[in-house]
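Sequence first, then the predicted structure:
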Amino acid sequence: MNTMSSEHEKRLEIEMDQELKRLPELEAPRTLAPRVLAAIAWRASVPWHRRAWETWPIAVRTAAVLVLLALFGGLCFAGWELPHSGVFAAVASEISHLGSGLNTFWNTANDLAGAAVTVAKHIGTGLVIALFAAMGLGYAMLLGLGTFYVRLAVAHR
């Protein structure tokens, strides 16, 4: 069966080749060459700093790499020395103060969640499921009404 399929594919390839050779030559639009030349001229007129990095002058690329390396080295040095400075201690203290507020929020949320679990255990699982089902149905109803009113408003335009 493989040889039949192979022969069929070869015959199909020959037929397609003959059909394609019978097609007339396509001509390019008259405006194609002027548009291509205009695009090439426009790209050549773009300033060097707006072109791709590879087309920048070698001196400028070298200077840019040196400046970036110096900045990276400065950031590394600053990261190494910053923990030993007095400013770092002041900033760390301020962040710790902000963190205490977040810690208070977290403790409150954790206590509320614990209380909700205790209430859910006390009132029973069936009632909790019924409450969640009621909230889900209410949400679906509001979503449906909202969709209805939006479509109603759009239909009257």
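Right, received. Where do you want to start?

any weak-confidence spans in the chain?
Flagging of the chain using pLDDT under 70 yields the residue ranges 1-4, 156-157.

let's go with 80 and repeat that
Within the chain, the segments meeting pLDDT under 80 span 1-4, 82-89, 92, 97-99, 101, 156-157.

all helices for it, in order.
For the chain, applying DSSP state H gives helices covering 2-22, 32-45, 58-81, 86-123, 125-155.

May I have the phi/psi pair for the most centrally placed residue in the chain?
Computing the C-alpha centroid of the chain and ranking residues by C-alpha atoms, centre = their mean puts residue 52 first, at 23.6 Å. Note on residue 52: its backbone torsions stand at phi -70, psi 150 [degrees, to the nearest 10].

from now on call the first residue 136
Sounds good: first residue 136 from here, last item residue 187.

tell me the contacts of it?
Under the criterion of C-beta atoms under 8 Å, 6 or more residues apart in numbering, the contact list for residue 187 is empty. (Each C-beta comes from the backbone N, C-alpha and C, glycine too.)

what about residue 260, distance to residue 254?
Between residue 260 and residue 254 the distance is 12 Å, computed by C-beta to C-beta, to the nearest Å.

export the helices of the chain to CSV and tack on mean neighbour count?
Formatted as CSV, those follow (neighbours: other C-beta atoms under 10 Å):
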stretch, mean neighbour count
helix 137-157, 9
helix 167-180, 10
helix 193-216, 10
helix 221-258, 10
helix 260-290, 10
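
Could you report the distance from residue 264 to residue 197?
With C-beta to C-beta as the criterion, residue 264 and residue 197 are 70 Å apart.

oh sorry, the question was meant for residue 207
Where residue 197 is concerned, residue 207 sits at a distance of 16 Å (C-beta to C-beta).

before we move on, what about residue 167?
Distance of residue 167 to residue 197, given as C-beta to C-beta: 40 Å.

Equivalent analysis for residue 250, please.
Taking C-beta to C-beta as the criterion, residue 250 is separated from residue 197 by 65 Å.

That'll do, ta.
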